[in-house]
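# Next input, structure requested:
(2 chains)
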Amino acid sequence: MFADYSWGELGSIFAMQGFAGLILFSVFVLMALGLAIIFGQMGVINMAHGEFMILGAYVTYLMSGLFQTWLPGLFGIYFFVAMALAFVAAGALGMVVEWLLIRRLYHRPLDTLLATWGLSLILQQLYRSIFGAREVGVSVPQWMMGSLPLTDMIELPINGIFVMVLTLVIAGGVYVMLYRSQWGLQVRAVMANRSMADATGINTGWTDRLTFGIGCGVAGVAGAAFTMIGSTSPTAGQLYIVDTFLVVVFGGAASLLGTIASAFAISQTQSFLEFFLSGSMAKVLTLLAVVGILMLRPQGLFSPKIRK
Amino acid sequence: MSRKPPFPVSAQSTASRRAFLAGSAALTASLFLPKGVRAQDFPTATVNTTGLAVTDTEVTVGILHSVTGTMAISETGSVQAEKLAISQINEQGGVLGRQITFIQEDGASDWPTFAEKARKLLVNDKVASVMGCWTSASRKAVLPVFEQHNGMLYYPTFYEGLEQSPNVIYTGQEATQQILAGLDWVTETKGAKSFYLLGSDYIWPRTSNKIARKHIEMKGLEVLGEEYFPLGHTQFNSVINKIKLRKPDVIYAIVVGGSNVSFYKQLQAAGIDLTQEAPLLLTISVTEDEILGIGGESIEGAYACMKYFQSLDNPNNMAFVEAFKEMWGDDIVIGDVTQAAYLGPWLWKAAVERAGSFDIDRIREASPGIEMDTAPEGFVKVHDNHHLWSKTRVGRAMADGQYEVVFETAELVEPDPFPEGYQ
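Residues are numbered from 1 along each chain as shown, chains lettered A, B, ... in the order given. Presented below is the predicted three-dimensional model:
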């Protein structure tokens, strides 16, 4: 399979595929961060994660239309406004959902799967009723189109670079919040031992709601970012959910670092296999590898040290 | 009953055509229509000997599409087109003097549900015909039901061929009609020599690409790569890199659904400008509907090969687009399948009137040879094999989301669902 290419070409292939893999990596991390907070820290299996992303995508769509009609001069920066609003909207919906639904199910983690699955169907139908069944087009600002040519062969897509930078910022933010802030300490305390945390005066109910809300908010931002590279339709969230769970479970559910490492491993494997095999085959082999490793290491790549 | 139909359908009269174009069909049509078409001239007992849902004043048909689930995106347009056709037929006086009512069922993007609902429509509701289905999977699921209970299905999607049923009229194009003319066009007028084929991973893209590859190789030209991606795939950077490396003259892309949005946006981000035509992109899976999601600016310059575009410049189509927008809103777009769905009720009406009966067996006999010169795509004719003769056209995507028609075949292309040497 290498014989078809010259050495120079192979060099470019590795550079380009490596970069394609990095974009895929950023996409995976963005998808999985919110879920890693909700599933990893709270133990809630959120099947509606994809629908929270799509909420962010629809907010972006609305903003894109709004800016085009009313503020065409500021269209270049509409995207940042849209991302902020996507975070607020998805986060607020997340908090409402936690209050109505999730908080009653903390002792029955498997039931959260069913409840959020139902929630995802409801949200899909809601989007369909509001925005129609068809895909909506989100306009990309001019500066985000096109690519940066490095050499004749290697060109870096600007929207890819944008997603990578965004991922860095958000992953950094989540890290600081979870591991360097008072709130993060409370979250981890509640997850480690709910009744003990309660006894020390932590408002566990509020901590849960905020955690769930922030997890959903991050999903909303991811959805906003994906409008630049993917489709926005009522059911588009479904496209992401399997990959997202795969990344989180493979990384070791409770570990942020694990999520990042697993996203990196899966995306680079996928990207390089795709070049030398076909798209479908790459997916199959990647899945097989993940399943194989999970059989040897059921807790995932990284797992927090717990005294048993 | 041996009564001849009131008028030969092919000559379906400039009168009713003019009425159709005028848009105020109800009034004018009743003036022009031959006196014969009144319900009392066709007693129910004689035009409906098999117990279908036909009364002295009404006839019931079925509409069977997904309005929920992943396929709702695509099938919404079909439902709208069929309802428009039915309401227009009713304005013109209905079928054999009877107003059409319909029962709509939701296949919910789930093939067993399609089969179940088809059975319900045929057995419980006794509908006189069904307009429906979109994916080949749903059609394959309902096919045994239609054959067992002797129903008639008007199926609107372009598809892979390799099928022919006495119980289905295929109003979209089959694979050879859509592919061969388009490939001939890029090789002859654009001088294309090498091709890169890619598509979603299921039967329609695979069969279509098989036919395309065969045709390309028979012309002595080169296929540089062929690749498939799972449905819903959203990352195409790798294949785009390969395309840049191998430099084909033509990217032949038949990705379906939401994957299209990712594909074209990433193609553009990777610095491939389709308006430069190097490489040129030819697709048979992106209609105006998909462009709505992709965004005109991301696909500008791509070529699509199908039988209908919303921008077709003929009086039939202008009246059709106007009526469609009047019924479903100004910002609607109409794609190839939507137009094919619109033909269903009209072809059924023509068959019923030609047969002088609602009976399925008589409709089947009457269907081949039916001509319709009021079709938005121009003129179509039903072939003995239940597919339509139609023209193949190539359109170029413009930034506003419409296609500019740059080529059409001079003659109607004969449908050939079982192409010799292409399988």
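# In chain B, which residue sits closest to chain A?
Relative to chain A, the nearest point of chain B is residue B:293 (2.7 Å; CB to the nearest CB). Using the backbone N, CA and C atoms, a C-beta is placed for each residue, glycine as well.
# what comes into contact with the strand or helix carrying that residue?
Using DSSP states H and E, residue B:293 sits in helix B:288-294. Residues from elsewhere that reach helix B:288-294 (CB atoms under 8 Å, 6 or more residues apart in numbering or on different chains): A:134-137, A:231-233, B:73-74, B:77, B:258, B:260-261, B:264-265, B:286, B:299, B:309-310, B:333-335, B:337-338, B:397, B:401-403.
# could you pull out the helices for the stretch 301-423 of chain B?
Along the stretch 301-423 of chain B, counting by DSSP state H, counting those that start in this stretch, helices occupy B:315-328, B:336-355, B:360-366.
# Tell me which of these sits most buried.
Greatest average neighbour count among the helices of the stretch 301-423 of chain B goes to helix B:336-355 (a mean of 26), per mean count of other CB atoms under 10 Å in any protein chain shown.
# if we can go back for a sec, tell me the spatial nearest neighbour of the residue of chain B closest to chain A, not counting adjacent residues.
residue A:135 (2.7 Å; CB to CB, 6 or more residues apart in numbering or on different chains).
# does the one you found sit in a helix, a strand or a coil?
Classification of residue A:135 using DSSP: H, G, I helix; E, B strand; the rest coil returns coil.
# tell me the phi and psi of the residue of chain A found nearest chain B?
Across chain A, no residue is closer to chain B than residue A:135, which sits at 2.7 Å (CB to the nearest CB). Dihedral pair for residue A:135: phi -70, psi 150, per degrees, to the nearest 10.
# Contacts only, for it.
With contact taken as CB under 8 Å, 6+ apart, residue A:135 is in contact with A:231, A:232, A:233, A:236, B:73, B:258, B:261, B:290, B:292, B:293, B:294.
# residues in the stretch 1-150 of chain B within reach of chain A, list them.
B:67, B:68, B:69, B:70, B:72, B:73, B:76 (CB under 8 Å from any CB of the partner chain).
# tell me the SS of the second one?
Three-state call for residue B:68 (three-state DSSP): coil.
# How about it: what's its closest non-neighbour residue?
Using CB to CB, 6+ apart, the nearest residue to residue B:68 is residue B:108, at 5.1 Å.
# what's the helix or strand for residue A:197?
For residue A:197, the host element (DSSP H and E) is helix A:194-199.
# buried sites along that helix?
A:194, A:197 (16 or more other CB atoms under 10 Å in any protein chain shown).
# which residues are contacting it?
A:106, A:186, A:189, A:190, A:204, A:207.
# Please name every helix or strand in contact with the one helix or strand the third one maps to.
Read that as residue A:189. Per DSSP H and E, residue A:189 falls inside helix A:182-192. On a contact count with 3 or more CB pairs under 8 Å, 6 or more residues apart in numbering or on different chains; DSSP states H and E, helix A:182-192 meets helix A:158-179, helix A:194-199, helix A:204-226.
# so how far is the second one from its chain's centroid?
Computed by CA atoms, centre = their mean, to the nearest Å, the separation of helix A:194-199 from the middle of its chain amounts to 30 Å.
# Same question for the first one.
Mean C-alpha position of helix A:158-179 versus that of the full chain (CA atoms, centre = their mean) differs by 11 Å.
# so what secondary structure elements neighbour that helix?
So helix A:158-179, by 3+ CB pairs under 8 Å, 6+ apart, packs with helix A:7-35, strand A:147-149, helix A:182-192, helix A:204-226, helix A:256-276, helix B:259-269.
# Can you check what angle separates it from helix A:182-192?
Here helix A:158-179 runs at an angle of 70 degrees relative to helix A:182-192 (axes from the mean of the first three to the mean of the last three CA atoms, to 10 degrees).
# Pull the residues that contact helix A:158-179.
The contact list for helix A:158-179, computed with CB under 8 Å, 6+ apart, reads A:19, A:22-23, A:26-27, A:29-30, A:33, A:37, A:41, A:83, A:140, A:143-148, A:183-184, A:187-188, A:214, A:218, A:221, A:225, A:228-229, A:256, A:260, B:237, B:265, B:269.
# Once you drop chain neighbours, what's closest to residue B:266?
residue B:236 (4.9 Å).
# tally of neighbours for that neighbour?
Residues near residue B:236, counting by other CB atoms under 10 Å in any protein chain shown, number 26.
# give me phi/psi at it?
Dihedral angles (degrees, to the nearest 10) for residue B:236: phi -120, psi 10.
# returning to what we had before: out of the helices and strands packed on helix A:158-179, nearest to residue B:219?
When the helices and strands packed on helix A:158-179 are compared by CB to CB, helix B:259-269 sits nearest residue B:219, at 25.8 Å.
# now for the closest one, which elements pack on it?
Other elements packing on helix B:259-269 under the criterion 3+ CB pairs under 8 Å, 6+ apart are helix A:158-179, helix B:237-246, helix B:288-294, helix B:296-299.
# Just want the angle from it to helix B:237-246.
Orientation of helix B:259-269 against helix B:237-246 (the same axes, to 10 degrees) gives an angle of 50 degrees.
# Can you name the next helix or strand after helix B:259-269?
Counting by DSSP H and E, the next helix or strand C-terminal to helix B:259-269 is strand B:280-283.
# Distance from the chain centre to that next one, please.
On CA atoms, centre = their mean, the centre of strand B:280-283 falls 21 Å from that of its chain.
# can you list the residues that contact it?
Here strand B:280-283 has contacts from B:182-183, B:186, B:190, B:192, B:249-255, B:267, B:274, B:301-305, B:394, using CB under 8 Å, 6+ apart.
# so is residue B:109 in a helix, a strand, or just coil?
Relying on three-state DSSP, one would call residue B:109 coil.
# List the residues that contact it.
B:66, B:68, B:69, B:70, B:71, B:72.
# quick one: low-confidence parts of the chain?
With no chain named, the answer covers chain A. With pLDDT under 70 as the threshold, chain A has low-confidence stretches at A:1-4, A:153, A:304-308.
# you looked at the wrong chain, it should be chain B
For chain B, applying pLDDT under 70 flags the ranges B:1-36, B:423.
# which residues does the residue of it positioned farthest from its centre contact?
Distance from the C-alpha centroid of chain B peaks at residue B:245, with 36.2 Å (CA atoms, centre = their mean). Counting by CB under 8 Å, 6+ apart, residue B:245 touches A:5, A:9, A:12, A:13, A:153.
# gap between the fourth one and residue B:236?
Summarising the geometry, the distance separating residue A:13 from residue B:236, computed by CB to CB, to the nearest Å, is 16 Å.
# cool, the first one as well?
Counting by CB to CB, the gap between residue A:5 and residue B:236 amounts to 20 Å.
# Grab the nearest non-local neighbour of residue A:140.
By the measure of CB to CB, 6+ apart, the closest residue to residue A:140 outside its immediate chain neighbours is residue A:228, 5.7 Å from it.
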